[in-house]
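Novice: curious how this folds, go ahead:
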Amino acid sequence: MTDVDDHALAAELAGAAGRLLLGVRDEVGFADARVLKDTGDLRAHEYLMAALAERCPGDAVLSEEGRSSVAGKRAEGDDRAPTRNTATAERLTAGRVWIVDPLDGTREFSEEGRRDWAVHVALWVRDGNGGRLAAGAVALPAQGLTLRTDATGGASLVRTEAGDPDPAGLGAAQPREVPLHVPAPDAGKLRVAVSRTRPPEFVRQLAERLDVDVELVPIGSAGAKISAVLLGEVDAYVHAGGQYEWDNAAPAAVALGAGAHASRVDGSPLKYNREDPRLPDILVCHPVSASMLLTGIAEVDGAPAG
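Specialist: Numbers count the residues shown, from 1 in each chain. The predicted structure follows:
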């Protein structure tokens, strides 16, 4: 499959899984959060695994719900075990690996009225430097938006049919798809996305060291946070509390396409398709803010305990 098709396919699959999840919300309801979370997770996972097997039969897949540790998880009305990921040894030698999170933000998905959850679909390809993110899409189903990479090396914002009738205040006359460029922050101010349930002390300490007015903005899932940076709703996302590749591969791909800075918190590149899929930290922001944030992060890391 060509790169052009890969971008379109990532967006197509993320959007379709998002519509499926909106249907699960309607079908299952919000009375039992665990049942809703598990059913949404697994139905979206099975859809993506089947679609990728059909459309890209030679590619490897790494999905959050395809791990052996979730083998006992079940969807409502379905006793089948989740489809497993490509074996690790095979994945590590594959030329193409899809890295997917069928439902990013299960807590938010299971709370009625919340819109800050996502579906992630990313493609990693092997190259002469070891590998790179070649395509990615983040669907925000309840917001009626999909953020995606495109064949020009850039990114686009796509309005979908689901979600609110006027997501992000775009206005009814706006075209269905528009180029996506990360907005620069206002001078002297910085809005930083943080967890809505457990804002990290690390980010609070960072805020104290920056020579700008910092506002901490609670947002749900990682994909929703990074999307908020790209949509100009916040200016940065700093996370040092531990993630996995599926948590940020697709958002990072779109962020890079949209001209954002995306790296580890020490400034080193994000690397994917590793034997251990843990990816402990990430920074996403406009390039103009990167040096200031990386310097502040280094100061926090070097500060004495207590």
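Novice: with just CA atoms, put the helix or strand encompassing Thr39 into PDB.
Specialist: Element membership of Thr39, judged by DSSP states H and E, is helix 33-55. C-alpha atoms of helix 33-55 as PDB (Å, rounded to 0.1, in the frame of the first residue of the first chain):
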ATOM      1  CA  ALA A  33     -19.000   2.100  33.600                       C
ATOM      2  CA  ARG A  34     -16.900  -1.100  33.600                       C
ATOM      3  CA  VAL A  35     -19.100  -2.800  31.100                       C
ATOM      4  CA  LEU A  36     -19.200   0.200  28.900                       C
ATOM      5  CA  LYS A  37     -15.400   0.700  28.900                       C
ATOM      6  CA  ASP A  38     -14.700  -3.000  28.200                       C
ATOM      7  CA  THR A  39     -17.300  -3.300  25.500                       C
ATOM      8  CA  GLY A  40     -16.100  -0.100  23.800                       C
ATOM      9  CA  ASP A  41     -12.500  -1.100  24.000                       C
ATOM     10  CA  LEU A  42     -12.900  -4.600  22.700                       C
ATOM     11  CA  ARG A  43     -15.400  -3.900  19.900                       C
ATOM     12  CA  ALA A  44     -13.200  -1.100  18.500                       C
ATOM     13  CA  HIS A  45     -10.200  -3.400  18.900                       C
ATOM     14  CA  GLU A  46     -11.800  -6.200  17.000                       C
ATOM     15  CA  TYR A  47     -13.000  -3.900  14.300                       C
ATOM     16  CA  LEU A  48      -9.500  -2.500  13.800                       C
ATOM     17  CA  MET A  49      -7.800  -5.900  13.900                       C
ATOM     18  CA  ALA A  50     -10.200  -7.300  11.300                       C
ATOM     19  CA  ALA A  51      -9.900  -4.300   9.100                       C
ATOM     20  CA  LEU A  52      -6.100  -4.200   9.100                       C
ATOM     21  CA  ALA A  53      -6.000  -8.000   8.500                       C
ATOM     22  CA  GLU A  54      -8.200  -7.500   5.400                       C
ATOM     23  CA  ARG A  55      -6.700  -4.300   4.100                       C
END
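Novice: the residue most central in space within the chain: what secondary structure?
Specialist: For the chain, Gly223 is the residue whose C-alpha lies nearest the centre (C-alpha atoms, centre = their mean; 3.2 Å). With DSSP: H, G, I helix; E, B strand; the rest coil as the basis, Gly223 sits in helix.
Novice: surely it meets Ala253?
Specialist: No. Under the criterion of C-beta atoms under 8 Å, Gly223 makes no contact with Ala253, lying 11.3 Å away. Bear in mind the C-beta positions are built from the backbone N, C-alpha and C, glycine included.
Novice: ok so, going back, the helix or strand that the helix holding Thr39 is followed by - contacts with which helices or strands?
Specialist: Per DSSP H and E, the first helix or strand lying C-terminal to helix 33-55 is strand 60-63. Contacting strand 60-63 under the criterion 3 or more C-beta pairs under 8 Å, 6 or more residues apart in numbering; DSSP states H and E are the following elements: helix 33-55, helix 88-93, strand 96-104, helix 245-257.
Novice: picking up where we left off before, now the residue nearest to the centre of the chain: closest residue in space that isn't a chain neighbour?
Specialist: Leaving aside its sequence neighbours, Gly223 sits nearest to Ala118 (C-beta to C-beta, 6 or more residues apart in numbering; 3.3 Å).
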